[in-house]
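1. the following block contains a protein sequence and its predicted model.
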Amino acid sequence: MSSPRIALFGANGQLGQDLSSIASARGLTLIALQRPMFDATDAAGLDAALADLDFDVAINSVAVTRVDDCEKDPAPAVAINAYFAEALSKVCARKKARLVQVSTDYVFGGQDQRSPLDEDAAPAAINVYGQTKLQGETLARQAHDDVIVARVASLFGVAGASGKGGNFVETMIRFGRERGALKVVADQVMSPTSSWDAAEAILDLIRAEAPAGLYHVVNSGAASWHDFASAIIDRAGVEATVSPIPTSEFPTPARRPPYSVLANAKVEKALGRSMPAWQDALDRYLKVKGHRQT
Ligand SMILES: NC(=O)c1ccc[n+]([C@@H]2O[C@H](COP(=O)([O-])OP(=O)(O)OC[C@H]3O[C@@H](n4cnc5c(N)ncnc54)[C@H](OP(=O)(O)O)[C@@H]3O)[C@@H](O)[C@H]2O)c1
């Protein structure tokens with residue numbers, strides 16, 4: 001297929017804005033869909049809302065991303081993370097369009113494995129957010145056979161998560177400057193990932209017409225949140241100390257995965273290139289945001 005017509009749902013989000021920017025720089029045809037053009041809580045109305053829209057590939061970057069809010073009130077997460085994904089997948093099946101369903105490392109967390117998790121690892125979500133995102137993956141794949149599930153993780157992007165009102169990098173820099181001393185959990189290990197790099201990889205998977213299925217779309221390497229915070233403070237030149245604490249000292253309504261590092265060999269093979277290390281992605285991010293000069 002030469003340059004497919006892409007419909008992006010969630011264009012106003014952190015990942016969505018990078019997908020839009022990269023598509024525009026590449027001269028791709030991307031239809032940016034956001035509220036109020038559709039309402040992801042209204043799965044039943046989606047068919048009618050999209051009746052006149054023509055596209056070859058849909059990217060679903062819509063989600064309820066506030067993990068603790070999902071735990072306290074699961075209904076929006078069930079509707080949006082699970083049933084909107086299913087409804088969009090059904091529309092894609094009818095239109096014979098490919099769906100790229102964006103998912104998360106939080107489909108893991110309850111497993112024993114403490115080495116990078118590949119696409120064959122059995123999911124084991126431990127909170128409502130992860131469970132509803134996993135349900136979204138499953139329902140989308142049951143509804144249509146041409147679905148790519150792109151699992152991303154711990155995103156940091158220039159726009160900041162619209163659902164969360166920012167991102168971890170900016171929070172650490174702000175708190176570091178204000179407080180001079182940070183305490184950050186050291187027993188949750190994950191794959192820090194730039195939303196720019198994830199967006200490039202997703203658009204590259206579309207261009208490569210990669211086979212349907214699961215892909216772990218993350219930067220290379222792993223870090224605890226304490227490792228990540230230490231690197232942010234150090235590389236941004238902020239005068240602050242960063243001390244490790246256990247999760248038990250930072251209780252939250254939703255449990256977080258102690259280990260959710262994703263192996264990205266499959267996406268690297270599909271793209272014929274390596275995914276940048278998270279430290280490299282962080283340096284580029286800090287430069288773009290003006291937190292670092294060199
Ligand atoms: N952020 C992370 O660390 C992270 C980690 C792993 C996976 N992910 C996944 O990556 C994807 C993108 O996340 P993100 O960081 O870009 O999050 P985000 O900035 O919060 O973007 C989510 C998008 O969903 C839209 N949305 C929410 N409810 C909606 C509704 N009822 N109707 C229409 N649109 C609605 C939001 O619209 P508004 O802008 O209008 O609110 C926003 O554009 C999601 O699938 C998420 O699960 C994110």
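-> In hand now; what should we look at?
2. so does stretch 96-104 get close to the ligand?
-> Yes - judged by C-beta under 6 Å from any ligand atom, stretch 96-104 comes into contact with the ligand at V102, T104. No exception for glycine: its C-beta is placed from N, CA and C like everyone else's.
3. next: stretch 224-242.
-> No - counting by C-beta under 6 Å from any ligand atom, the ligand is not contacted by stretch 224-242; separation bottoms out at 11.8 Å.
4. which residue does the chain bring closest to the ligand?
-> Among all residues of the chain, G13 sits closest to the ligand, at 2.3 Å; criterion: C-beta to the nearest ligand atom.
5. that residue touches S61, doesn't it?
-> Yes - with contact defined as C-beta atoms under 8 Å, G13 and S61 form a contacting pair (5.6 Å).
6. and stretch 28-47, end to end?
-> By C-alpha to C-alpha, to the nearest Å, the extent of stretch 28-47 from end to end equals 25 Å.
7. quick one: contacts of it?
-> Contacting residues not belonging to stretch 28-47 are listed as 3-12, 16, 19-20, 23-24, 49-50, 53, 55, 62, 76, 79-80, 83-84, 86-88, 90-91, 94, 203 [C-beta atoms under 8 Å, 6 or more residues apart in numbering].
8. let's go with 7 Å and repeat that
-> Residues outside stretch 28-47 that contact it (C-beta atoms under 7 Å, 6 or more residues apart in numbering) are 3, 5-12, 20, 23, 49, 55, 62, 76, 79-80, 83-84, 87-88, 91.
9. give the buried subset of these as a ChimeraX selection command.
-> Buried members of these, defined by 16 or more other C-beta atoms under 10 Å, are picked up in ChimeraX with:
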select :5,6,7,8,9,10,11,12,20,23,55,62,79,80,83,84,87,88,91
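10. phi, psi of I31?
-> I31 has phi and psi values of phi -90, psi 110 when expressed as degrees, to the nearest 10.
11. with the one 5 residues further on instead?
-> Phi and psi for P36, reported as degrees, to the nearest 10, are phi -90, psi 20.
12. how about Q113?
-> In terms of degrees, to the nearest 10, the main-chain angles of Q113 are phi -60, psi 130.
13. that one: neighbour count?
-> Using other C-beta atoms under 10 Å, the number of residues around Q113 comes to 13.
14. could you do E86 as well?
-> For E86, the count of nearby residues is 21 (other C-beta under 10 Å).
15. contacting residues for it?
-> Contact analysis of E86 by C-beta under 7 Å, 6+ apart lists L139, A140, A143.
16. in CSV, list these along with secondary structure, distance to the ligand and pLDDT.
-> CSV is the format used below for these (DSSP: H, G, I helix; E, B strand; the rest coil; distance: C-beta to the nearest ligand atom, whole Å; pLDDT from 0 to 100):
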residue, secondary structure, distance to the ligand, pLDDT
L139, helix, 14, 98
A140, helix, 11, 98
A143, helix, 17, 98
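17. and the buried ones among the residues you listed, selectable in PyMOL?
-> A single PyMOL command selects the buried members of the contacts of E86 (16+ other C-beta under 10 Å):
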select buried, resi 139+140+143
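18. contacts for stretch 111-119, please.
-> Residues outside stretch 111-119 that contact it (C-beta under 7 Å, 6+ apart): 108, 121-122, 124, 214-216, 222, 259, 261-263, 265-266.
19. what do you get for stretch 141-152?
-> Residues outside stretch 141-152 that contact it (C-beta under 7 Å, 6+ apart) are 15, 86, 89-90, 92-93, 98-105, 107, 137, 140, 193, 198, 202, 205, 210, 212-218, 262.
20. same question for stretch 160-170.
-> For stretch 160-170, contacts defined as C-beta under 7 Å, 6+ apart pick out N12, G13, Q14, V64, T65, R66, L155, F156, G157, I232, Y285.
21. tabulate the residues you listed in a markdown table, adding columns for distance to L28, pLDDT and secondary structure.
-> Shown next, in a markdown table, are the contacts of stretch 160-170 (distance: C-beta to C-beta, whole Å; pLDDT from 0 to 100; DSSP: H, G, I helix; E, B strand; the rest coil):
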| residue | distance to L28 | pLDDT | secondary structure |
| --- | --- | --- | --- |
| N12 | 18 | 94 | coil |
| G13 | 18 | 94 | coil |
| Q14 | 19 | 95 | helix |
| V64 | 27 | 96 | coil |
| T65 | 25 | 95 | coil |
| R66 | 30 | 95 | coil |
| L155 | 21 | 97 | strand |
| F156 | 24 | 97 | strand |
| G157 | 19 | 96 | coil |
| I232 | 32 | 98 | helix |
| Y285 | 23 | 97 | helix |
